[in-house]
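I would like to see how this sequence folds:
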Amino acid sequence: MEDFGRAVADFVRDHQAWAAPIVLLLAFGESLAFISLLIPAWGALVAIGALIGATGISFWPVWLAGGIGAALGDWVSYWFGYRYKDRVAQMWPLSRYPELLPRGEAFVRDWGVPSIFIGRFFGPLRASVPLAAGIFEMPYMVFQVANFVSALVWSAVLLLFGDVIGRIIEWLWRTV
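Numbering: from 1, shown residues only. Okay, here's the model as predicted:
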């Protein structure tokens, strides 16, 4: 997976105009229940964040693209859970991770709306919380407000984390 993140970051460095669409797709995949289990894209998003300060890529469109992509991924996951309810657990790849959905269910039941915010920042929960919210019919508008706000916060955190790490590495490189 390290090679994947590095390849994506190299492509974005060489083709900066593609930064926002690539971040949108990566955030969508990272937030989509089934895809996020197979291809964790958060490392590539942090690497792209590191490029923001180093290459002059504009933060705002990349941040907005990341937030929209993440929110759309969770939206699809919520819909999928709402539509297919109990059958979701038997579908691949979730059938390979039988503990994931019950953990998401317990988390949503215990935490309610804050589970959307908290779950966004923890890998396995990120994949299962929106599904569980759909399965257990969290009110649609409540879910969407929490979804979009948390997606924008998540996108900013990942990209800014990468930017800060990139600046520290650049400073160390010049200093040492």
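
looking at the chain, which helix or strand is least sure?
Least confident element among the helices and strands of the chain, by mean pLDDT, DSSP states H and E: helix 33-38 (a mean of 73).

in it, which residues are buried?
Residues of helix 33-38 classed as buried by neighbour count (16 or more other Cβ atoms under 10 Å): 33, 34, 35, 36, 37. (C-beta placed from N, C-alpha, C; glycine too.)

same deal with stretch 105-120?
105, 107, 108, 113, 115, 116, 117, 119, 120.

mean confidence for it?
If you average the pLDDT over stretch 105-120, you get 90.

now do it: distance to the chain's middle.
Centroid separation for stretch 105-120 versus its chain: 16 Å, with Cα atoms, centre = their mean, to the nearest Å.

can you show me the CA trace of it as CSV?
Provided in CSV are the C-alpha atoms of stretch 105-120 (Å, rounded to 0.1, in the frame of the first residue of the first chain):
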residue,chain,number,x,y,z
GLU,A,105,-23.8,-1.2,15.1
ALA,A,106,-22.8,-1.0,18.8
PHE,A,107,-20.9,2.2,18.1
VAL,A,108,-23.8,3.9,16.4
ARG,A,109,-26.3,2.7,19.0
ASP,A,110,-24.0,3.9,21.9
TRP,A,111,-22.9,7.3,20.4
GLY,A,112,-25.7,8.3,18.0
VAL,A,113,-24.8,11.3,15.8
PRO,A,114,-21.3,11.8,17.3
SER,A,115,-20.5,8.3,16.0
ILE,A,116,-20.5,9.7,12.5
PHE,A,117,-17.8,12.2,13.5
ILE,A,118,-15.7,9.8,15.7
GLY,A,119,-16.0,6.9,13.2
ARG,A,120,-14.7,9.0,10.4
